[in-house]
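Engineer: need a structure here:
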Amino acid sequence: MTTNEFQVTGMTCGHCEASVREHVSQVEGVQGVEVSAASGRLIVMADAVSDDAVIAAVDEAGYEAVRV
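Structural biologist: Numbering: from 1, shown residues only. Take a look at the predicted model:
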């Protein structure tokens, strides 16, 4: 399992965190998600998941992400 970190812009509250967590958790292969609106950090624990899939899930939730 690998751990990847992303910077997410646009999150301001717990609802934002929940939305990102929900969308990213649905990506096939994702085993765990940690997200913080305060820091803008998204940490994804997964088995062979592409950055593009995670970024697309964050985009679907209404936010922007880049790999750190």
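Engineer: would you map the strands across this structure?
Structural biologist: Remark: strands assigned in the chain by DSSP state E are 2-9, 30-36, 41-46, 64-67.
Engineer: tell me the most buried of the ones you listed?
Structural biologist: strand 41-46 (a mean of 20; mean count of other CB atoms under 10 Å). C-beta: built from backbone N, CA, C; applies to glycine.
Engineer: list the helices and strands that one packs on?
Structural biologist: For strand 41-46, the contact count by 3 or more CB pairs under 8 Å, 6 or more residues apart in numbering; DSSP states H and E identifies strand 2-9, helix 14-25, strand 30-36, helix 51-60 as packing neighbours.
Engineer: which of these sits closest to I43?
Structural biologist: Among these, the nearest to I43 by CB to CB is strand 30-36 (4.3 Å).
Engineer: pLDDT on that closest one, on average?
Structural biologist: Averaging pLDDT along strand 30-36 yields 97.
Engineer: for it, name the packing helices and strands.
Structural biologist: helix 14-25, strand 41-46.
Engineer: kindly reformat these as TSV containing mean pLDDT and distance to E5.
Structural biologist: TSV is the format used below for these (pLDDT from 0 to 100; distance: least, CB to CB, whole Å):
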stretch	mean pLDDT	distance to E5
helix 14-25	97	12
strand 41-46	97	5
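Engineer: V24 contacts V44, doesn't it?
Structural biologist: Yes: at 6.2 Å, V24 and V44 qualify as touching, with contact defined as CB atoms under 8 Å.
Engineer: list the contacts of T2.
Structural biologist: Contacts for T2 (CB atoms under 8 Å, 6 or more residues apart in numbering) come out as 45-48.
Engineer: can we see that at 7 Å?
Structural biologist: Going by CB atoms under 7 Å, 6 or more residues apart in numbering, T2 touches A46.
Engineer: again with E34
Structural biologist: I43.
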